[in-house]
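Trainee: Dropping a prediction and its sequence here:
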Amino acid sequence: MPDVISLKKLPEFTQVGEYYLPGQENSSKGYNVSYVYYDSEKMYIARGQME
């Protein structure tokens, strides 16, 4: 799988970002909680999805 630096060099991609999912928890009430870290580029790319 290509890394972010390699993907940024490809002309097919205008933007590339990273995210990490360090953990998930399930609550007793049936909710799922995800702990996610986004780098600044990924935050910019995903900005419309967080509304």
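Mentor: Structure's in. What do you need? Numbering: from 1, shown residues only.
Trainee: how far away is the closest residue to Gly17 other than its chain neighbours from Leu21?
Mentor: Once its chain neighbours are removed from consideration, Gly17 has its nearest residue in Lys42; the separation is 2.8 Å (C-beta to C-beta, 6 or more residues apart in numbering). For the C-beta atoms, the positions are set from N, CA and C on the backbone; glycine is no exception. Using C-beta to C-beta, to the nearest Å, one gets 12 Å for the distance from Lys42 to Leu21.
Trainee: Neighbours of the residue nearest to Gly17, how many?
Mentor: 18 (other C-beta atoms under 10 Å).
Trainee: That one contacts Val36, correct?
Mentor: No: at 9.5 Å, Lys42 and Val36 do not qualify as touching, with contact defined as C-beta atoms under 8 Å.
Trainee: before we move on, the earlier item: surely the residue nearest to Gly17 is in a helix?
Mentor: Yes: read with DSSP: H, G, I helix; E, B strand; the rest coil, Lys42 is one of the residues of a helix.
Trainee: which residues sit in contact with it?
Mentor: Contacts were defined as C-beta atoms under 8 Å, 6 or more residues apart in numbering; by that measure Lys42 touches 17-19.
Trainee: and those residues, which are buried?
Mentor: Applying a neighbour-count criterion of 16 or more other C-beta atoms under 10 Å, the buried members of the contacts of Lys42 are Gly17.
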